[in-house]
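A.B. asks: This is the structure alone, sequence omitted:
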């Protein structure tokens with residue numbers, strides 16, 4: 001008798017079921033594992049893109065962060081604003097940029113008003129004088145890329161020891177706080193009785 005034959009003494013062949021641990025098919029021939037691969041690939045690309053856009057130079061990136069102070073760039077920039085600066089191949093007059101000021105030993109963010117002999121002349125929008133320090137292109141940190149009003153104050157607040165301790169405490173509670181049983185565990189327990 002051939003394996004396909006059926007009769008009174010033969011049992012119908014059991015339906016093939018998907019092996020455990022394998023993905024199950026979805027509409028259109030896609031399987032769950034395909035969607036997981038796509039989601040993972042998307043997350044990796046998104047993470048790499050975010051890193052490329054926001055990583056600071058100290059970690060191999062091209063974005064510098066400046067928290068503004070003082071009144072030299074009023075009315076557009078106020079103390080406590082966060083400005084993201086990006087290094088560019090060239091800088092032009094009229095652009096807002098940050099540079100390492102050798103006299104102040106700090107990063108200054110003002111507007112470029114002229115370029116003379118390879119040195120850039122900067123001036124604060126609210127100042128009536130040109131900065132006394134004239135940096136070269138190599139000393140420019142970057143030009144304004146993103147301006148986030150007030151965000152610098154928020155970041156400074158996060159750096160406070162009390163706030164840092166509170167955030168660590170919340171993270172500890174989130175990780176170690178006993179959780180209620182999951183829905184699946186409750187369902188299994190109900191069927192066991």
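C.D. replies: Structure received. The structure presented is a predicted model; accordingly, all values stated were derived computationally and were not measured.

A.B. asks: Got phi/psi on residue 68?
C.D. replies: In terms of degrees, to the nearest 10, the main-chain angles of residue 68 are phi -70, psi 150.

A.B. asks: Please report how far the closest residue to it other than its chain neighbours lies from residue 75.
C.D. replies: If the residues on either side of it in the chain are set aside, residue 68 comes closest to residue 81, at 4.5 Å by Cβ to Cβ, 6 or more residues apart in numbering. From N, CA and C alone the C-beta is placed, and that goes for glycine too. Computed as Cβ to Cβ, to the nearest Å, the residue 81 to residue 75 distance reads 12 Å.

A.B. asks: Compare neighbour counts for these two and give me the winner.
C.D. replies: residue 81 (20 against 8; other Cβ atoms under 10 Å).

A.B. asks: give me every residue that touches that one.
C.D. replies: 67, 68, 147, 148, 149, 150, 151, 152 (Cβ atoms under 8 Å, 6 or more residues apart in numbering).

A.B. asks: Packing partners of the helix or strand harbouring the third one?
C.D. replies: Meaning residue 147. Under the criterion DSSP states H and E, the helix or strand holding residue 147 is strand 140-148. The elements that strand 140-148 packs onto, with contact taken as 3 or more Cβ pairs under 8 Å, 6 or more residues apart in numbering; DSSP states H and E, are strand 63-67, strand 82-86, strand 96-101.

A.B. asks: what's the weakest-modelled helix or strand in the protein?
C.D. replies: Of all helical and strand segments in the chain, the minimum by mean pLDDT, DSSP states H and E falls on helix 183-192, at a mean of 63.

A.B. asks: What strands flank the longest strand along the chain, and is each parallel or antiparallel?
C.D. replies: In the chain, with assignment by DSSP state E, the single longest strand is strand 106-116. The pairing partners recorded for strand 106-116 under DSSP bridges are strand 96-101 (antiparallel), strand 119-123 (antiparallel).

A.B. asks: In the chain, which residue is most central in space?
C.D. replies: residue 50 (4.8 Å; Cα atoms, centre = their mean).

A.B. asks: ok so, going back, so which residues make contact with the strand holding residue 147?
C.D. replies: Contacts of strand 140-148 (Cβ under 8 Å, 6+ apart): 62-64, 66, 76-77, 81-88, 91, 95-100, 107, 109, 120.

A.B. asks: among the residues you listed, which ones are buried?
C.D. replies: 62-64, 66, 77, 81-87, 91, 96-99, 107, 109, 120 (16 or more other Cβ atoms under 10 Å).

A.B. asks: Where do the domain boundaries of the protein fall?
C.D. replies: 33-58, 63-153 (automatic domain parsing).

A.B. asks: I am finished for the moment; much appreciated.
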